[in-house]
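Colleague: just to be clear, the model below is a prediction. Sequence and coordinates:
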Amino acid sequence: MAKRSLSRTIVPTLLTYLGLAVGLVFAGFPILWMFFTSLKSNTEIFALPPRLLPDHFTSVAYLAIFNDPTKVRFFINSYLVAGVVTVLTVLIAIVTAYAFSRYTFRLKKTLNVFIISTQTVPPITLLIPYFGMVVAFGIFNTYFALILTYMVFTLPYAILLMTGYLNTFPKELDEAVLVDGGSSWTALWRVIIPLSVPGIVATAVYTFLLAWNEFLFALTLTKSMDMRTVPIGIELLMGQHAFEWNEMMAMSVLGSLPLLVLYLIAQRYFLAGMAAGSVKS
């Protein structure tokens, strides 16, 4: 009986670790290939048979990026746009979610349905209308156009996520603040927000990820090189007659680092916020 009980415990555990190992290889190998390719010369990239590790490590691709002001500007633009979109989206989502979570008002259900329905619209179908509006308002090729457009896509999900997270807190917390002479704003900023750090971090990480990786609207709503973002910069390395593969991989590595660092720092809060925000809405 003891052996059977032990086998029933060991076999599922081994299968679990085996599955995790396969998933790790499947997810990690492309990242390793991208990184080591960025350390090769373009000639060595096409060597046969293909090799993961380069024969001669070289940083020429990274030097080409850091020594080119235009390519550095791509990163500055991405940081600026993604950072502003994240801050504004989180602030608006917190206030809006608090209203949906704590108050009953006319059109509340209608607004909820509208916010949810916006998630069903493919962004590509809005490309031409957005382009026409941006040109008509005179904000084409500006940060404001990118920030405004990205917020349209990040706000609905951010509001839904924060609303679900705030719904996990009892309304007695707000009532206690009101009894002590505070206002709803006091309850929000002094009580609810400090307790909502996991949900806020999850929302911020999702928003930054979406804004940083966006390609289609960044390509359509900008024209000059000093307004392009990292995804566009990677695409521009695909020339008519040759591809700068090592620079593409180097820029991809540098473009992935902020997201990786952000997730590693905030993963504990991110997972807790996503789990709690999806439980009750």
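Modeller: Now that the structure is in, tell me what you want to look at.

Colleague: contacts only, for Ile232.
Modeller: Phe74, Phe215, Ala218, Leu219, Thr222 (C-beta atoms under 8 Å, 6 or more residues apart in numbering). For glycine as for every other residue, the C-beta is placed from the backbone atoms N, C-alpha and C.

Colleague: tell me how far it lies from Phe75.
Modeller: From Ile232 across to Phe75, the span is 12 Å (C-beta to C-beta, to the nearest Å).

Colleague: repeat that for Gln267.
Modeller: Remark: distance between Gln267 and Phe75 (C-beta to C-beta) = 23 Å.

Colleague: what about the two, which has more around it?
Modeller: More crowded of Gln267 and Phe75, by other C-beta atoms under 10 Å: Phe75, with 18 against 12.

Colleague: check what pLDDT Thr120 gets.
Modeller: With respect to pLDDT, Thr120 scores 82.

Colleague: ok, how many other residues are close to it?
Modeller: When neighbours are counted by other C-beta under 10 Å, Thr120 registers 6.

Colleague: mind checking the SS state of it?
Modeller: coil (DSSP: H, G, I helix; E, B strand; the rest coil).

Colleague: re the thing from before, weed out the non-buried ones from the contacts of Ile232.
Modeller: Neighbour-count burial (16 or more other C-beta atoms under 10 Å) applied to the contacts of Ile232 gives Phe74, Ala218, Leu219, Thr222.

Colleague: max pairwise distance over those residues: which two?
Modeller: By the measure C-beta to C-beta, Phe74 and Leu219 form the most distant pair in the buried ones among the contacts of Ile232, at 12.5 Å.

Colleague: which secondary structure element is home to Thr207?
Modeller: Following DSSP states H and E, one finds Thr207 within helix 197-213.

Colleague: which helices and strands does that helix pack with?
Modeller: Helix 197-213 is packed against helix 69-102, helix 143-166, helix 245-277, with contacts defined by 3 or more C-beta pairs under 8 Å, 6 or more residues apart in numbering; DSSP states H and E.

Colleague: what angle separates the second one from helix 69-102?
Modeller: Here helix 143-166 points in a direction 40 degrees away from that of helix 69-102 (axes from the mean of the first three to the mean of the last three C-alpha atoms, to 10 degrees).

Colleague: what residues sit buried inside helix 143-166?
Modeller: In terms of neighbour count (16+ other C-beta under 10 Å), helix 143-166 has its buried residues at 145-151, 153-166.
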